[in-house]
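Asker: Quick check, what structure comes out for this input:
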Amino acid sequence: MHLRAFLKAGHTPSLLCAFLYFDISFMVWVLLGALANAIVPDLGLNDAERGLMIALPLLGGALLRLVLGLLTDHIGARRTGIIGLSLTVLPLLLGWLWADSFPAILLVGLLLGVAGASFAAALPLASRWYPPQYQGLAMGIAGAGNSGTALATFFGPRLALWMGWQGVFALALVPIVLTLLVFIIFAKDSPNQPPAKPLRDYASVLKLADTWWFCLFYSVTFGGFVGLASFLNSFFKIQYELDAVSAGNFATLCVIAGSLLRPVGGYLADRLGGIRMLTMLYLGVGAVMLGLSGLPPLLPATLLLFLGMSMLGMGNGSVFQLVPQRFPKEIGVLTGLVGAAGGIGGFFLPNLLGTLRYVSGTFAGGFFIFGLCSIACAAALLHVSRTWERTFVAQGGLATTAEQPVVAPLEPAAVSLAVEESAS
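Answerer: Below is the predicted model of the structure:
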């Protein structure tokens, strides 16, 4: 794969706009996690309430991704992105001027989900400009907007010390408005966007087993990444008794690894195959999380989290090397559905860690359970790959042709037959 050929294959301004939209929106999406060490003592929250507060924006994002995914396929990714950025202003204003209690901050967190829903517009905006052999890299570059989480974990605690956590919400309005202006000027929808379909046509993908497999796989890779990215500030402060800024520094080191390596995961999935990449990554994440369940000292734990977040980031890119090949004409709604599953996975992980810490006094159980889930995904992927390699991808998950493949949606009965054949 040559960079010059990649640049000629699509529309670079739209790709960069997708990255910027994703990046700044993700920064806003995880603000509550980044500011948790300032908000929790101010509002007098316990560990379980901390976990719920951190997790709720992830649930809001999961629900709203479905809405933005449908809008993307009906009115285009550019218009949907403009709507999403405009709506993000509301929770930032509420966090700045109004949120002074636990119920109020929960409402702000739920509304912050609109920033997390950016995924459902940003990735189709990029994906529709590129052919199959460049999907992993293009989706990886757009998806590297995950790095916005690192901006939040690094700058959030510092700014909260200087201007208070409410003031950080006010300051976040500036990059949102600037991004909106850039997006309006430079983003363009691909001419390859499929025509809008009735909602009942999109509902048909819910009858396909492959939809649910992708939801499962992304709930672990993306859910694990964003869930940990939101919670690591709290983990380092509670487990190792660091101050808020130091906890943010350690969290940022781990988060940025997963953010920057998402394009690497997409690129390697293009070269080696998404199935091969994901299998190795799930096993690696499982081993790392089982190691973390022993709650090692600060430096070994940081190394393990750095490796784990790196593999989760690459896993995100690898999943979306496969999705456009299976669902080339429904990429908007699939991005919304699969992204929603990722957000739901992210919602459960901080809740799991916070609640188990509140009940048992330790984070060990949460990491252990997450490690087992990752290993189970590797086994599930090996099972389903035998069907996928006979239908829409080549061996290991490589793209089959240079042309965008057209895969006729299987009827539910045909899906059941294919799964039965793969198990025999």
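Asker: Pull out the buried positions in the helix or strand hosting residue 181.
Answerer: Counting by DSSP states H and E, the element that carries residue 181 is helix 148-186. For helix 148-186, burial by neighbour count (16 or more other CB atoms under 10 Å) applies to 148-157, 159-160, 165-166, 168-169, 172-173, 175-176, 179-180, 182-183. Glycine gets a C-beta too; all of them are placed from N, C-alpha and C.
Asker: other SSEs contacting it?
Answerer: helix 12-29, helix 31-34, helix 36-43, helix 77-97, helix 209-240, helix 244-272 (3 or more CB pairs under 8 Å, 6 or more residues apart in numbering; DSSP states H and E).
Asker: Just send those back as JSON lines, with distance to residue 4 too.
Answerer: Supplementary listing: the helices and strands packed on helix 148-186 in JSON lines, determined by distance: least, CB to CB, whole Å:
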{"stretch": "helix 12-29", "distance to residue 4": "12"}
{"stretch": "helix 31-34", "distance to residue 4": "38"}
{"stretch": "helix 36-43", "distance to residue 4": "45"}
{"stretch": "helix 77-97", "distance to residue 4": "25"}
{"stretch": "helix 209-240", "distance to residue 4": "30"}
{"stretch": "helix 244-272", "distance to residue 4": "15"}
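Asker: Helix, strand, or coil at the closest residue to residue 268 other than its chain neighbours?
Answerer: The shortest distance from residue 268 to any non-neighbouring residue, by CB to CB, 6 or more residues apart in numbering, is to residue 277 (5.6 Å). Recorded secondary structure, residue 277: helix (DSSP: H, G, I helix; E, B strand; the rest coil).
Asker: How about residue 399?
Answerer: Assigned state for residue 399: coil (three-state reduction, three-state DSSP).
Asker: Quick check, it in contact with residue 325.
Answerer: Yes: under the criterion of CB atoms under 8 Å, residue 399 makes contact with residue 325 at 6.1 Å.
Asker: Against residue 348, how distant is residue 306?
Answerer: Distance, residue 306 to residue 348, using CB to CB, to the nearest Å: 23 Å.
Asker: Residue 187 now?
Answerer: For residue 187, the distance to residue 348 - CB to CB - is 33 Å.
Asker: I'd like the distance between residue 33 and residue 186.
Answerer: With CB to CB as the criterion, residue 33 and residue 186 are 30 Å apart.
Asker: Neighbours of residue 98, how many?
Answerer: When counting by other CB atoms under 10 Å, one arrives at 15 neighbours for residue 98.
Asker: For the nearest residue to it once chain neighbours are set aside, pull up the helix or strand it's in.
Answerer: Distances taken as CB to CB, 6+ apart place residue 104 nearest to residue 98, at 6.3 Å, with adjacent residues excluded. Element membership for residue 104 (DSSP H and E) is helix 102-111.
Asker: Contacts made by the helix or strand just after that helix with the rest, please.
Answerer: Sequence-wise, the next helix or strand downstream of helix 102-111 (DSSP H and E) is helix 113-116. For helix 113-116, contacts defined as CB atoms under 8 Å, 6 or more residues apart in numbering pick out 25-26, 28-29, 56-65, 84, 87-88, 90-91, 226, 343.
Asker: Could you report the neighbour count for the residue lying closest to residue 55 once chain neighbours are set aside?
Answerer: Nearest non-adjacent residue to residue 55, counting by CB to CB, 6+ apart: residue 350, 4.1 Å away. For residue 350, the count of nearby residues is 31 (other CB under 10 Å).
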